[in-house]
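Student: predicted model and sequence follow; I will ask about them next.
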Amino acid sequence: MFARTKSRTVHFDEPFRVPDIDQMVPPGDYEVDEDEELIEGISWLAYRRVATFIKLPATIENKFQMRLIAIDSEELERLITADRRKHATSSPPKP
């Protein structure tokens, strides 16, 4: 089975909470890795996502260790959408 990892950076303007983490995560840019595997038996190349991870930076609270946290891809998209919606409604209107 062939696999690949796609990476992207997501930005949060507001603090957020990742499920299964006991603390708020500060706003900022975060790297997200999505592992995908090749779907075999079809006549074109297609991949399915099998895992999504967000990299959280080293902090005093986690004893200066970077953490790679598994997160449901739909939950991550929900967090991103909520952050954008919240930031859009709290920003002053543009002239």
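Tutor: Here it is on my side, so go on.

Student: quick one: the strands in the protein, in order.
Tutor: With DSSP state E as the definition, the chain shows strands at residue ranges 3-12, 28-38, 47-56, 67-70.

Student: what angle do the longest one and strand 3-12 make?
Tutor: Angle, strand 28-38 to strand 3-12, by axes from the mean of the first three to the mean of the last three CA atoms, to 10 degrees: 160 degrees.

Student: for I39, which non-adjacent residue is closest in space?
Tutor: Of all residues not flanking I39 in the chain, A46 sits nearest, at 4.6 Å (CB to CB, 6 or more residues apart in numbering). C-beta here means a position set from N, CA and C on the backbone, and glycine is covered the same way.

Student: ok, E75 next?
Tutor: Here the nearest residue to E75 in space, its sequence neighbours aside, is P19; by CB to CB, 6+ apart that works out to 6.1 Å.

Student: can you give me phi and psi for the residue nearest to I39?
Tutor: When read as degrees, to the nearest 10, the backbone of A46 gives phi -150, psi 140.

Student: which residues does stretch 14-24 contact?
Tutor: For stretch 14-24, contacts defined as CB atoms under 8 Å, 6 or more residues apart in numbering pick out 25-27, 54, 56, 61, 69, 71-72, 75, 79, 82-83, 86-87.

Student: at 6 Å what do you get?
Tutor: 25-27, 69, 79, 83, 86 (CB atoms under 6 Å, 6 or more residues apart in numbering).
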